[in-house]
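Novice: Kindly generate the corresponding structure for this input.
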Amino acid sequence: MVRVKFRVMTIEQEISSRRVRLVMKHRSLIAVLLMAGAMCALPACGQTSSGEQKPAPAGNIPAKAAFEVASVKQSVDPRFTSFSAPGDLLFTARGASLVGLLDKAFGVTDKQIAGMPNWAASTRYDVEAKPPGEGPFNEAQLQQALQQLLIDRFHLAVHYETREVRGYALTLTKAKPNLQPGAGGYIRIEGDSDGLSATNTTMQALCSTLQMMVGFPVEDRTGMKGSFGLTLKFAQEGDVNSSLPSIYTAVQEQLKMKLVSAKLPLRMLVVDHVDQAPTPN
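Specialist: Numbering: from 1, shown residues only. The predicted structure is shown next:
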């Protein structure tokens, strides 16, 4: 069995938006995890004091920024998907699905979207859009502009709900956690096919890394604050030839913590209506 190494690069702490971006490279695949909106247990948007959901009116998505001009059309060659880089003047998307556009517009993952039509992942679009003026949008402005674009061109209407989903809680055991003091500075996590190590991570960043490994939301219930260093060696899922333990056993034996199955509240973006064909340019 060929064992391919991957490397989790430095996570940039974006102070202005209080986000942490984790970039993982596995072969040619780049997976980006935005912790502020990626499968985390979050309070409901629009929740009343009694806990009852108060959905936003259909299509009522706040938008303060909008593109000056935009072209939206179905892709001629939908085999590849790409998005323009942050900070580019023009926003471009090639071969993007509706799911991908919603991810960009609302800062969510596909597991946080409900009510999608059956064509949402297969129909692909090309988008070119320019903001007014000579400078690019910042991240918040770009999200607002994309939301408005989806409303105008796809007649998108959505609301938010909080639903209980399957996940895990990271908890302490009776043993002292096997962690080292953090090195300070940026959060840094590196990994390969035998596990991962961190010279400076928080429990929240660790949970977001673990949830990418297990494929389900992971909530921090350790109560531990500050930053830490750690080493975790485990077998990759499906690697039957590895002598290493599973990630669940590794967390318990090596970190002296535990991943416990739990029902977690997840903030969901619910699609009430969306057109498959965008309005003409």
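
Novice: Could you pull out the helices in the stretch 51-200 of the chain for me?
Specialist: 98-106, 139-154 (DSSP state H, counting those that start in this stretch).

Novice: Would you mind giving these as CSV with distance to Asn241 added?
Specialist: From N, CA and C alone the C-beta is placed, and that goes for glycine too. Formatted as CSV, the helices of the stretch 51-200 of the chain follow (distance: least, Cβ to Cβ, whole Å):
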stretch, distance to Asn241
helix 98-106, 34
helix 139-154, 42
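
Novice: For Arg221, which of those helices is the nearest?
Specialist: helix 98-106 (26.7 Å; Cβ to Cβ).

Novice: Tell me the helices and strands packed up against that closest one.
Specialist: On a contact count with 3 or more Cβ pairs under 8 Å, 6 or more residues apart in numbering; DSSP states H and E, helix 98-106 meets strand 91-97, strand 113-114, strand 124-130, helix 139-154, strand 257-273.

Novice: Minimum distance to Pro177: which of those has it?
Specialist: Minimum separation from Pro177 across the helices and strands packed on helix 98-106 (Cβ to Cβ) falls at strand 257-273, 6.0 Å.

Novice: what separates that closest one from the chain centre, distance-wise?
Specialist: The chain centroid and the centroid of strand 257-273 are separated by 13 Å under Cα atoms, centre = their mean, to the nearest Å.

Novice: Now do it: which elements does it pack against?
Specialist: By 3+ Cβ pairs under 8 Å, 6+ apart, strand 257-273 packs against helix 98-106, strand 113-114, strand 157-172, strand 218-220, helix 247-254.

Novice: Pull out the buried positions in that strand.
Specialist: Residues of strand 257-273 classed as buried under the neighbour-count rule (16 or more other Cβ atoms under 10 Å) are Met257, Lys258, Leu259, Ala262, Leu264, Pro265, Leu266, Arg267, Met268, Leu269, Val270, Val271.

Novice: So what pairs up with the last one in the strands?
Specialist: By that I understand Val271. Assessed by DSSP bridges, Val271 has beta-bridge partners Val158.

Novice: between the buried residues of strand 257-273, which is closest to Val108?
Specialist: Leu269 (5.3 Å).

Novice: got the contact list for that closest one?
Specialist: Neighbour list for Leu269: Leu102, Phe106, Val108, Gln112, Ile113, Ala114, Val158, Tyr160 [criterion: Cβ atoms under 8 Å, 6 or more residues apart in numbering].

Novice: pLDDT score assigned to it?
Specialist: As predicted, Leu269 sits at a pLDDT of 95.

Novice: Please apply the same query to Ile15.
Specialist: Ile15 is given a pLDDT of 28.
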